[in-house]
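J.: Fold the following and give me the result.
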Amino acid sequence: MLLNLLLLLFLLLNQILGMFEGDLEDGELEIGQISGLIDEIKPAGELIVQTDGGYIKDKHPNRGNFEALLTKVYNPENLVRKSSKKTDNIDREITQKSYAASSYKDHHKSIKAMTLIAAKKEGLTKETNVVALSDGAKNCWNVLKSLKKLF
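T.: Below you'll find the model as predicted:
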């Protein structure tokens, strides 16, 4: 289920939103369009950055699995409480968030760049307190730690 979601989000980012352009077969990546809007974004005091990944079976029988990573970035101020109409529970909804996804075999260079853009889109500055969440996977923590190294 998670792997299907990762693949779907990756395809959505690449194809529908047009945020990232390039030839997937050749591994080209150009980060465009959204990077020009970064200067217009309000700085955030705190951001939650969550990275997870998994392996997806390639549709070609001669190839093995490939890794896909997904990062979600949001400002906790955008976490809104709302009452559920079906139950007495209080639910929470993130009203604004940004995603980054990659399955490139480039030592995580593209996912790190896309995560930085997603974080800047949500208001990342040198003064922003970042709460990083992930499981124990080294590849996920390398992506998260790359935000710290940039400042």
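J.: which sections of the chain are below the confidence cut-off?
T.: 1-39, 84, 150-151 (pLDDT under 70).
J.: which residue of it sits farthest from its center?
T.: Asp88 (32.1 Å; Cα atoms, centre = their mean).
J.: quick one: secondary structure of that residue?
T.: Counting by DSSP: H, G, I helix; E, B strand; the rest coil, the backbone at Asp88 sits in coil.
J.: phi, psi of it?
T.: When read as degrees, to the nearest 10, the backbone of Asp88 gives phi -90, psi 0.
J.: mind checking how far it is from Leu79?
T.: Per Cβ to Cβ, to the nearest Å, Asp88 is found 20 Å from Leu79. For glycine as for every other residue, the C-beta is placed from the backbone atoms N, C-alpha and C.
J.: Spell out the residue ranges of the helices in this structure.
T.: Under the criterion DSSP state H, the chain contains helices at 2-11, 109-121, 138-149.
J.: With mean neighbour count and distance to Ser98 added, can I get these in a markdown table?
T.: Shown next, in a markdown table, are the helices of the chain (neighbours: other Cβ atoms under 10 Å; distance: least, Cβ to Cβ, whole Å):
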| stretch | mean neighbour count | distance to Ser98 |
| --- | --- | --- |
| helix 2-11 | 15 | 11 |
| helix 109-121 | 22 | 4 |
| helix 138-149 | 15 | 13 |
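J.: Which of these sits closest to His60?
T.: Ranking these by proximity to His60 (Cβ to Cβ) places helix 2-11 first, at 14.6 Å.
J.: count of neighbours near Asp106?
T.: 12 (other Cβ atoms under 10 Å).
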